Each structure stands twice: as structure tokens, then as C-alpha cells.
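[1] Test case, fold it:
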Amino acid sequence: MTDRNEERRGARRVDATLSLQVSMPDGVSKLETINISSSGLYFRSDRFMEPMTKLAMELEVDVPDAEGPARVACEGLVVRTIPEAETPGCTAYEIAVFFTHITSEARGTLERHLALLLDAGT
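    Predicted structure coming up:
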């Protein structure tokens, strides 16, 4: 039997407020992340997104020895939305996304950023 509080994710989450652009059929939303890992991200949105929705995204991250923010383009699938249904009057949905496509170069950039955040937290 497994402990219900046991972390099941393979990639460590890091709290991070990063600029995030999400492309959807009706336009681009500029949002911010709540936390990230090398396998996905968590963000707030003013609009409901159904689980299994495909998203094209771009993050801005800091990496060591760069002259400014680096851009990480990726695609993902919404795996969880809180609240779980569109709710009248709700102005903040929390959206969890699992990366379905990220180039090895983009993943490397993201992992360097995560290492920078983890080093800063110790």
C-alpha cells in the first residue's frame, strides 16, 4: 500500500512566477505560472479550460550567462482544472499542464532555469 501523501511526480516542482503566453483558438493569453517542473507547469487563468485541451505555450526564463530572458516554446495538455467545471463569477482557475512536446534544446533551457531556482532556494 502506498502513502497517499507520497509524491508521485518524477520531476520536482519549483514555485516560480514566470511570464507565460498561451495560444488558444480565440487568441493569445498572457499569464503567469504558479510553479513549474521539467514535465509541466501550473498557472492561473481567468478562463476555464477543459481537461485534455491542447495548448501551445511560451515561457520566459532566466538562465545563467544569458543576456536576458530565454524563451521556451512547448506544447501541453491540460490535465487538471480547479474548479473542475466552469463556474459563474469565477475569476481565477488553476490549470495544470503536462508537456507533450518540448524540444531537447528548450527542455535544456528550462532545466538550467530550474537548477538556478533550486540553487537560490538552498
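[2] beta partners for the closest residue to residue 16 other than its chain neighbours?
    Spatial nearest neighbour of residue 16, chain neighbours left out: residue 36 (5.1 Å); criterion: C-beta to C-beta, 6 or more residues apart in numbering. Where C-beta positions appear, they are placed from N, C-alpha and C, glycine not excepted. On the basis of DSSP bridges, residue 36 is bridged to residue 14, residue 41.
[3] Go ahead and confirm residue 36 touches residue 57.
    No - contact criterion C-beta atoms under 8 Å: residue 36 and residue 57 do not qualify, at 10.9 Å.
[4] where along this structure do the strands fall?
    14-15, 19-24, 27-36, 40-45, 54-61, 70-82, 93-101 (DSSP state E).
[5] what's near enough to touch the residue nearest in space to the middle of the chain?
    The centre of the chain sits closest to residue 41, judged by C-alpha atoms, centre = their mean, with a distance of 2.1 Å. By C-beta atoms under 8 Å, 6 or more residues apart in numbering, residue 41 lies in contact with 20, 33, 35, 57, 59, 76, 96-97, 99.
[6] Closest to residue 86 out of those residues?
    residue 96 (16.5 Å; C-beta to C-beta).
[7] Quickly list what the closest residue to residue 17 other than its chain neighbours is bridged to.
    Nearest non-adjacent residue to residue 17, counting by C-beta to C-beta, 6+ apart: residue 32, 5.2 Å away. For residue 32, the beta-bridge partners under DSSP bridges are residue 19.
[8] how near is residue 20 to residue 56?
    Relative to residue 56, residue 20 is positioned 11 Å away (C-beta to C-beta, to the nearest Å).
[9] Just list the residues touching the spatially closest residue to residue 39 that is not a sequence neighbour, thanks.
    Spatial nearest neighbour of residue 39, chain neighbours left out: residue 11 (4.1 Å); criterion: C-beta to C-beta, 6+ apart. Going by C-beta under 8 Å, 6+ apart, residue 11 touches 37-40.
[10] Now with 10 Å, please.
    36-40, 99, 111, 114 (C-beta atoms under 10 Å, 6 or more residues apart in numbering).
[11] how many neighbours does residue 34 have?
    18 (other C-beta atoms under 10 Å).
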